[in-house]
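Engineer: sequence first, predicted coordinates after that:
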Amino acid sequence: MRRDPSGPPTSVLAGADVVLVGLFSAKDREFAARLDLLAATVATYGGRMVGRHVQRRGVSHGGAARMSAPFSRRTLLSPGRAGEIAQACRAAGVDVAVFANPLTEHQRAVLGDLFGCLVISSEDLPRAGR
């Protein structure tokens, strides 16, 4: 189900089934805590967490210098992982996918078409209590 993105990003979360998605360097030992904080923020705005999807980028995928770089400029994720998440989102009827990473407008559009839902970034959500 596509949600109307015309309001503020926080308004699309109210009552929505939400998945969290993140690409993290293998060096990032705090990725789970970052996702927990993001999940709490989504819940504050009324979103129902229905899943988490993480892709870790390690040394074997292009060397230590590329560990923080996206796999793809189009989707941020590797093609295989993006496809797996898309299948899971469509099967679960996800309304909104919230990425822990910053996204370009092009990435949002490509991922939205692929996932079949609205795609936003954690940067779009003001942290509760700030």
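Structural biologist: Yep, that arrived. Numbers count the residues shown, from 1 in each chain.

Engineer: for the residue positioned nearest the centre of the chain, list each beta-bridge partner.
Structural biologist: Centroid check for the chain by CA atoms, centre = their mean gives Phe99 as the closest residue, at 2.1 Å. Partner residues in beta bridges with Phe99, using DSSP bridges, are Val21, Ser121.

Engineer: same question, Met49
Structural biologist: Applying DSSP bridges, one finds that Met49 bridges with Val18.

Engineer: where do the helices of this structure begin and end?
Structural biologist: 31-44, 79-92, 105-115 (DSSP state H).

Engineer: who wins for proximity to Gly51 among the ones you listed?
Structural biologist: Between Gly51 and those, the shortest gap by CB to CB is with helix 79-92, which sits at 6.4 Å. Using the backbone N, CA and C atoms, a C-beta is placed for each residue, glycine as well.

Engineer: pull out the buried residues from that closest one.
Structural biologist: 81-82, 85-86, 88-89 (16 or more other CB atoms under 10 Å).

Engineer: follow-up on the earlier one: which one of the helices of the chain lies closest to Ser122?
Structural biologist: helix 31-44 (5.3 Å).
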